[in-house]
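[1] Build me a model from this:
(one chain, ligands or ions: 1)
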Amino acid sequence: MLAELSPALIAEVQRAAKILADKKCICILTGAGVSAESGIPTFRDKQTGLWENYAAEDLATPDAFARDPKLVWSWYQWRRQLVADKTPNPAHTTLAQWQQHAANNHQQLTLITQNVDDLHEQAGSTVTHLHGNLWQNRCSQCDTTYENHSNRLANSKNDMVFDEDLITCQHCGGYIRPDIVWFGEALPVQAWQTAEEAAANCEVFISIGTSSLVYPAAGLAQLAKKNGAIIIEINPNPTPNTIVDITLAEKAGIIMSLLMQKITALSSIQPLL
Ligand code: APR
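    Okay, here's the model as predicted:
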C-alpha cells in the first residue's frame with residue numbers, strides 16, 4: 001500500500017512527523033471519514049437502499065422528528081443496524097496507541113470527534129463526542145435518558161433490538177429519540193468546553209476525515225490557528241480550507257499508520273508503538 005504513495009506525499013508525512021515529534025500539546029478532530037475504512041458511509045455519501053431518496057441533512061433535524069417521528073426513528077434504527085457490527089480500522093487503532101503513548105510521556109493529546117459511532121472507544125481511546133452517541137436515547141420532550149425497562153430497546157448495542165416502532169417516555173409520554181445533536185441544536189456544554197480549550201491551547205491541530213462544513217466543530221481549526229497552532233489535514237479529498245499548513249491527501253488509515261512510523265523513528269524518547 002505504501003508503495004502506491006507518491007514521493008511528494010511521503011515527504012509531506014515526514015514533514016508532519018518532524019513537527020509532531022517534539023510537541024507537548026496536540027488536538028485531533030475526527031469526522032465521518034475516519035470511520036469510512038470500517039465500512040460506515042460518511043454523511044455526504046449518497047444514502048443507499050430504502051433511504052436513497054433522503055438526504056441526511058433532511059432527517060437529522062428536530063423539525064423532521066416533529067413532522068414525522070416514525071420516519072426519523074426508522075432511519076436511526078437502520079443506521080444502528082448498519083454500524084452495529086463495524087470495528088475499528090488502522091486510523092482508530094493508531095490514534096489509540098498514540099494517545100496511550102502521549103499519556104505515558106506527559107504529552108497532551110486530546111481527541112475530539114463529530115462521529116456518533118463508538119469506534120474510537122472500541123480501539124481504546126478516550127474521546128470527547130461533540131455530536132452525541134448513536135447508542136443512547138432520551139425523551140424528545142422531557143430529556144430523560146431512556147432506560148431499557150421494556151426490553152424493546154436497549155441502550156447497549158449488544159442487545160439492541162432494531163425495532164422501527166416508536167417508543168414513548170414513561171414519565172411524560174413524549175417520543176423517545178436518539179441522543180444525538182441534530183442540525184440546529186446546541187452542542188453538549190461540557191464536550192464543547194473541552195474541545196474549545198484543547199483547540200485554543202494546542203501547538204498542532206489535526207483534522208481527520210471531516211468536510212469541515214458543520215459549525216461549530218468546523219471553527220475549532222480556526223480557533224487553533226488564531227492561537228498559533230500548525231494545522232494538518234488528513235483527507236483524500238482535501239477541503240478548500242486556506243488555514244491548513246500541511247495537507248495529507250490520502251485515506252486516514254494509510255496516513256496515520258505511516259505518520260506513526262515516522263514519528264517513532266524520530267522520537268528521542270521511548271518507542272511509540
Ligand atoms: N479517510 C479520511 N477522510 C475520508 C475518508 C478516509 N478513508 N473517506 C472519506 N473521507 C472524507 C471525505 O472526503 C469528507 O471530506 O471524510 C469527509 C466526510 O465528510 P462528512 O460526510 O461531511 O462528515 P463530517 O465532516 O464528519 O460531518 C460533520 O455533519 O451531518 C453532520 O453531525 C453530522 O457529525 C456530522 C457532521
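[2] now the residue nearest to residue 39 when sequence neighbours are not counted: how far from residue 172?
    In this structure, residue 39 finds its nearest non-sequential neighbour in residue 86, 5.5 Å apart by C-beta to C-beta, 6 or more residues apart in numbering. For every residue, glycine as well, the C-beta is placed using N, CA and C. Distance of residue 86 to residue 172, given as C-beta to C-beta, to the nearest Å: 34 Å.
[3] Please state the offset of stretch 177-193 from the chain centre?
    Stretch 177-193 sits 14 Å away from the centroid of its parent chain (C-alpha atoms, centre = their mean, to the nearest Å).
[4] same deal with stretch 219-233?
    18 Å.
[5] now the helices for the stretch 51-200 of the chain?
    Applying DSSP state H, counting those that start in this stretch to the stretch 51-200 of the chain gives helices spanning 56-59, 62-67, 69-83, 90-104, 119-123, 189-201.
[6] Using a markdown table, lay out those together with distance to residue 256 and mean pLDDT.
    A markdown table is the format used below for these (distance: least, C-beta to C-beta, whole Å; pLDDT from 0 to 100):
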| stretch | distance to residue 256 | mean pLDDT |
| --- | --- | --- |
| helix 56-59 | 25 | 88 |
| helix 62-67 | 35 | 96 |
| helix 69-83 | 21 | 94 |
| helix 90-104 | 4 | 94 |
| helix 119-123 | 11 | 98 |
| helix 189-201 | 19 | 98 |
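[7] so the residue nearest to residue 39 touches residue 123, yeah?
    No. Under the criterion of C-beta atoms under 8 Å, residue 86 is not in contact with residue 123, lying 11.8 Å apart.
[8] Looking at these two, which has the bigger crowd around it?
    residue 123 (20 against 15; other C-beta atoms under 10 Å).
[9] Contacts only, for the more buried one.
    Counting by C-beta atoms under 8 Å, 6 or more residues apart in numbering, residue 123 touches 88, 92, 93, 95, 96.
[10] Enumerate every residue touching the residue of the stretch 51-200 of the chain found nearest the ligand.
    Closest approach between the stretch 51-200 of the chain and the ligand, counting by C-beta to the nearest ligand atom: residue 114, at 3.5 Å. Taking C-beta under 8 Å, 6+ apart, we find residue 114 in contact with 29, 30, 31, 32, 130, 131, 210, 214, 217.
[11] Would you tell me which one of those residues comes nearest to residue 60?
    Taking C-beta to C-beta as the measure, residue 60 lies nearest residue 131 of these, at 9.3 Å.
[12] how much space between the closest residue to the closest one other than its chain neighbours and residue 236?
    Take residue 131 and drop its neighbours on the chain: the residue closest to it by C-beta to C-beta, 6+ apart is residue 181, 4.5 Å away. Between residue 181 and residue 236 the distance is 26 Å, computed by C-beta to C-beta.
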